[in-house]
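Peer 1: Please work out how this folds:
(one chain, ligands or ions: 2)
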Amino acid sequence: MVKLEEYKYLTENRPIEKPPLPALVYIPLSQHLGKAGNPAVKPGDTVSLGQKLTASDASMYVPVHACVSGKVTAIQDWPHPVLGRAKAIVIENDGLDRRPSSVVPRPAEEIDKLTAEQIRGIVFEAGVVGMGGASFPTHIKLNPPKPVDTLIINAAECEPYLTADYRLMVEKTAEIVAGIGLAARCLGVKNVYIAVEDNKPEAIEAFSHKSQVTSHKLKVLKSQYPQGGERQLIKNILRKEVPRGKLPLDVGVVVHNVGTVFAIYEAVYLNKPLYERVVTVTGSILSNPKNLLARIGTPIKELIDFCGPQKEEPAKIIVGGPMMGITQYSDSVPVIKSTTGIILMNKKEATRHKEAFCIRCGACVRECPAGLMPCLLNLASEKGLWSQAKSYGVLDCIECGLCSYVCPASRNLVQWIKRAKLEVK
Ligand code: SF4
Ligand code: SF4
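Peer 2: Numbers count the residues shown, from 1 in each chain. Ligands and ions are numbered 1, 2, ... in the order given. Next up is the predicted model:
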């Protein structure tokens, strides 16, 4: 693991703000790892805030919801921050945020009586998925196929620039702790760790107070990248190795992101589907970088404009962190459930050196947190040797980008490795 330049100072002390609501929102049908649903509305329909917009019987399906009230104007192809282009439901915002009067917060006594199955049902209906970027359906992760004994809350937020989780921890500590309680109940675990990096002093203080009244153990970890990888957390906290080709649950552990447990809290306590999330909008070229509570479906251009004016034209816009995020070709892409950040870079910041031949220095091998040989995976991928890439363990790559970052020859290692992963899958 390595210490990266952080740039969190741009937004870490900026409290979460609500940007103006967009006139039009574009809600992609596909926002999670699994099957997208089919539209359950059609152009011309009126929808309320939080209304379910899709339906499906598929096993890995998770619904998406209206993030505003208004009228469906189209269901069309639209730029997507992960998939390039995908079908999206377009809603014209009526500005009223209408919700049915029957949708009210759940009484505490009702929550106390909920079974694990009922909690998972509520989490599914609310469309909750992994909020750290992975987008795995949360109701499935709350129902592991084998017994587990430990829950780790991933509050590391090790990507440079991003501070959305940090602000959430500082401003919504009690709600996060309530969400952790629900997740632990579903999993039937008593060992709960909250993993925070040592560069988040206010969050550490907030959780230290809460830990005195709960059984959660706070683990303060060194700030280094990729500290927030599931395998790295398990190794650093429990001193357990997840064997190659296995999952955390094979060593009795489930890891949930801190934003995900907050979404579980909102779904169960507030009866609120996942239609908004905290996004860090940042970069040195923005005059007012911020942490924003953005409605899912908002075109990122609107959020960027809200954080402007821009001091110069961006040469690169990344959705996610600078290490694992995806460079965008359009600022029309909407915020989706996994959007942790939007980063604008100028030409100097975005420039990479020209790719050169591998000098066999071994730096990528030394730093790979998954114990892989990225230089060999790169070669196998360039030559289309997919079975060789598989035997080298390509599926264990967590796409952290560290190999590319440390490579003195500026090899595009992670791009080739991602390609090989897709082919092998
Ligand atoms: S091979 Fe994958 S896991 Fe290893 S450093 Fe590169 S991107 Fe990270
Ligand atoms: S870090 Fe780059 S130059 Fe060094 S071995 Fe890996 S691919 Fe080759």
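Peer 1: use CA for all of it now, contacts and neighbours both
Peer 2: Fine.
Peer 1: can you list the residues of the chain near ligand 2?
Peer 2: Within reach of ligand 2 by C-alpha under 6 Å from any ligand atom, the chain has these residues: C358, I359, R360, C361, G362, A363, C364, C375, C407, P408, A409, R411.
Peer 1: can you redo the residues you listed as JSON lines with distance to ligand 1 and neighbour count?
Peer 2: Compiled in JSON lines, those are given as follows (distance: C-alpha to the nearest ligand atom, whole Å; neighbours: other C-alpha atoms under 10 Å):
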{"residue": "C358", "distance to ligand 1": "15", "neighbour count": "14"}
{"residue": "I359", "distance to ligand 1": "17", "neighbour count": "10"}
{"residue": "R360", "distance to ligand 1": "15", "neighbour count": "12"}
{"residue": "C361", "distance to ligand 1": "14", "neighbour count": "12"}
{"residue": "G362", "distance to ligand 1": "12", "neighbour count": "15"}
{"residue": "A363", "distance to ligand 1": "10", "neighbour count": "18"}
{"residue": "C364", "distance to ligand 1": "6", "neighbour count": "23"}
{"residue": "C375", "distance to ligand 1": "8", "neighbour count": "26"}
{"residue": "C407", "distance to ligand 1": "10", "neighbour count": "23"}
{"residue": "P408", "distance to ligand 1": "14", "neighbour count": "18"}
{"residue": "A409", "distance to ligand 1": "14", "neighbour count": "16"}
{"residue": "R411", "distance to ligand 1": "11", "neighbour count": "21"}
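Peer 1: Which members of the residues you listed occur in strands, if any?
Peer 2: Among those, no member falls in strands (DSSP state E).
Peer 1: What about these, which are in helices?
Peer 2: Secondary structure from DSSP state H places A363, C364, C375 of the residues of the chain next to ligand 2 in helices.
Peer 1: Assess the claim that the second one and L402 are in contact.
Peer 2: Looking back up the chat, that one is C364. Yes - if you go by C-alpha atoms under 8 Å, C364 and L402 touch, sitting 7.5 Å apart.
Peer 1: D331 versus whatever residue of the stretch 201-350 of the chain ends up closest to ligand 2, what's the distance?
Peer 2: The stretch 201-350 of the chain approaches ligand 2 most closely through M323 (16.0 Å), counting by C-alpha to the nearest ligand atom. Separation of M323 from D331 (C-alpha to C-alpha, to the nearest Å) stands at 19 Å.
Peer 1: for L53, same thing?
Peer 2: For L53, the distance to D331 - C-alpha to C-alpha - is 24 Å.
Peer 1: Then V268?
Peer 2: Distance from V268 to D331, by C-alpha to C-alpha: 34 Å.
Peer 1: If you count surrounding residues, which of the two has more?
Peer 2: More crowded of V268 and D331, by other C-alpha atoms under 10 Å: V268, with 25 against 18.
Peer 1: buried stuff in the host helix or strand of that one?
Peer 2: Element membership for V268 (DSSP states H and E) is helix 258-269. Within helix 258-269, the residues scored as buried using 16 or more other C-alpha atoms under 10 Å are V258, G259, T260, V261, F262, A263, I264, Y265, E266, A267, V268, Y269.
Peer 1: Also stretch 162-179?
Peer 2: Buried residues in stretch 162-179 (16+ other C-alpha under 10 Å): 162-171, 173-179.
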